[in-house]
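**Student:** Any chance you could fold what I've pasted below:
(one chain, ligands or ions: 2)
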Amino acid sequence: MDILVLGGGGREHALAWAIRRNPKCGRLFVAPGNAGTAALARNVALDPADGAAVVAFARAEGIGFVVVGPEAPLVAGVADALAAAGIAVLGPSAAAARLEASKTFTKEVCAATGAPTAAWAAFDDEAAALAHLRRRGAPVVVKADGLAAGKGVTVAATVAAAAAAVTAAFAGAFGAAGRRVLLEDVLAGEEASLFVLCDGTTALALGSAVDYKRAFDGDAGPNTGGMGAHSPAPALTAAVEARAMATIVRPVVAEMARRGTPFRGILYAGLMVAAGIPRLVEFNVRFGDPEAQVLMMRLGGQALDLMLACAEGRLAAARVDWADDHALTVVMATRGYPGPHGTGSVIGGLDRLPGDSRRMLFHAATERRGGEVVAAGGRVLAATGRGATLAEARARAYGLAAAVDWPEGFYRHDIGDGAPGRPR
Ligand code: AMP
Ligand code: GLY
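**Tutor:** Ligands and ions are numbered 1, 2, ... in the order given. Predicted coordinates:
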């Protein structure tokens, strides 16, 4: 079967790497891809969010299965376009992708199902939001309703900090995403992410991960798209996972079906776990980046069979074969990220790195220029290790990162330290 992966980050390199390990994979394309995916697939210059162009390419190449990496193409309706063309796709319809595209939509679905989440109020008007804020006080979480590339959330310790976030959102800091603002309670506990395959009716837990969102060691610095991850998440014991499936995921999947917008694809539940009770922080409708790197490292080639079963509505008969292993990934970013930074710095030492099922340097924003690989964005590489223990996975990942010759890059040195859970 010929397969197309949409996206060009570390997540998509990891997806392509796992798919490639499955003998069912014929030709493999990644659009647009990066210097890493070019080593195991054909990169295609195609806008992943252009449904008509994606369908035309898939038809021309006889693609049998499309895996959508990022959220933007899903929100733009690319899965709808592929489904209408009769091409199997992993990823929800635009209507179901609202679980990521609108935080108030998700809150309403939670309210309809009783899924536990932080108490909230939504405002389309700055004065009303500020008045509510003064009444309720701090600490409080301020969120832009729409997609803001991970930047639309402020956990504010004071009313002044929260008010500044409210004002910034209504002043357009997050574009249209910030025209509606949520104020919600701060949830305490340990954060963990649960990844669930959903085929519209059946939900199958695929694995868990802990994501390190802050830029610097000790959870200092600004929020990023994710500076590292490990899998499994210690907070998601079998009992907690079962509880999250029973109280959050399955009721939401049933509610989406009842509304006539069944959810088909990866449901990523960002959870806060306190005293064994998981509460929903947010949904995403795709794999995380860098969480996909650790999940794919652990799943290997079976990831393709599971994703296909999901796309084809066969999850009721599917099973995940988990090894009792761990994976950890360290994101290497250009100095300055997530703020302003340059591009084009040369990355050396790549040729002598090992690449196998225990150690993989996934590429995120890289491109080949002449004979060299250069950085092409903020998050550039994800050094990933797998092992029998977290410590072994960690040593392999950090060994890889240290072998990369890239003076313009930086990475956190404390991914996986202080497990269980993320340092706070
Ligand atoms: P989100 O984009 O909704 O995942 O939010 C980004 C991050 O903000 C989350 O990963 C949490 O660390 C934090 N966060 C969001 N909502 C809450 C909340 N209600 N309580 C505590 N932390 C939160
Ligand atoms: N690493 C967080 C995300 O992909 O949303």
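**Student:** Please, which helix or strand holds the residue lying farthest from the centre of the chain?
**Tutor:** Ranked by distance from the centre of the chain (Cα atoms, centre = their mean), the top residue is Arg135, with 34.8 Å. Assigned by DSSP states H and E, Arg135 falls within helix 126-136.
**Student:** For that helix, buried residues please.
**Tutor:** Ala129, Leu130, His132, Leu133 (16 or more other Cβ atoms under 10 Å). The C-beta positions use only the backbone N, C-alpha and C, and glycine is treated the same way.
**Student:** between those, which is nearest ligand 2?
**Tutor:** Ala129 (24.9 Å; Cβ to the nearest ligand atom).
**Student:** returning to that earlier point: from the middle of its chain, how far away would the helix holding Arg135 be?
**Tutor:** Relative to its parent chain, helix 126-136 has a centroid offset of 32 Å by Cα atoms, centre = their mean, to the nearest Å.
**Student:** State the next helix or strand along the chain beyond it.
**Tutor:** strand 140-144.
**Student:** hmm, back to that, how close does the residue farthest from the centre of the chain get to ligand 2?
**Tutor:** To ligand 2, Arg135 is 32 Å away according to Cβ to the nearest ligand atom, to the nearest Å.
**Student:** which residue is nearest the centroid of the chain?
**Tutor:** Mean-position check on the chain, Cα atoms, centre = their mean. Result Gly288 at 1.4 Å.
**Student:** which SS state does that residue fall under?
**Tutor:** Gly288 falls in the coil class when you classify it by DSSP: H, G, I helix; E, B strand; the rest coil.
**Student:** likewise the one 5 residues further on?
**Tutor:** Taken by three-state DSSP, the conformation at Gln293 corresponds to helix.
**Student:** Get me the contact residues on the chain for ligand 2.
**Tutor:** Gly150, Asp211, Gly225, Gly226, Asn284, Gly288, Asp289, Glu291 (Cβ under 6 Å from any ligand atom).
**Student:** Which of the residues you listed sits closest to ligand 1?
**Tutor:** Gly150 (5.7 Å).
**Student:** quick one on the thing from earlier: check whether the helix holding Arg135 contacts ligand 1.
**Tutor:** No - against ligand 1, helix 126-136 shows no contacts by Cβ under 6 Å from any ligand atom, the least distance being 13.3 Å.
**Student:** angle of that helix against strand 140-144?
**Tutor:** 160 degrees (axes from the mean of the first three to the mean of the last three Cα atoms, to 10 degrees).
**Student:** For helix 126-136, name the packing helices and strands.
**Tutor:** In terms of contacts (3 or more Cβ pairs under 8 Å, 6 or more residues apart in numbering; DSSP states H and E), helix 126-136 is packed against strand 120-123, helix 159-170, strand 181-184.
**Student:** Return the residues in contact with the residue nearest to Phe170 when sequence neighbours are not counted.
**Tutor:** With sequence-adjacent residues excluded and distances taken as Cβ to Cβ, 6 or more residues apart in numbering, Phe170 is closest to Glu126, at 4.1 Å. For Glu126, the contact set (Cβ atoms under 8 Å, 6 or more residues apart in numbering) comprises Val166, Thr167, Phe170.
**Student:** got a pLDDT number for the residue farthest from the centre of the chain?
**Tutor:** Listed pLDDT for Arg135 reads 94.
**Student:** and if you look at Arg352?
**Tutor:** Arg352 is given a pLDDT of 87.
**Student:** List the contacts of the closest residue in space to it that isn't next to it in sequence.
**Tutor:** Leaving aside its sequence neighbours, Arg352 sits nearest to Ala403 (Cβ to Cβ, 6+ apart; 7.2 Å). Ala403 makes contact with Gly349, Arg352, Leu353 under the criterion Cβ under 8 Å, 6+ apart.
**Student:** rerun that using 10 Å as the cut-off
**Tutor:** Counting by Cβ atoms under 10 Å, 6 or more residues apart in numbering, Ala403 touches Gly349, Leu350, Arg352, Leu353, Pro354, Arg359, Leu361, Ala383.
**Student:** List only buried entries from the residues you listed.
**Tutor:** Leu350, Arg359, Leu361, Ala383.
**Student:** wait, isn't the second one in contact with Ala397?
**Tutor:** Translated: Arg359. Yes - because the distance of 7.7 Å satisfies Cβ atoms under 10 Å, Arg359 is recorded as touching Ala397.
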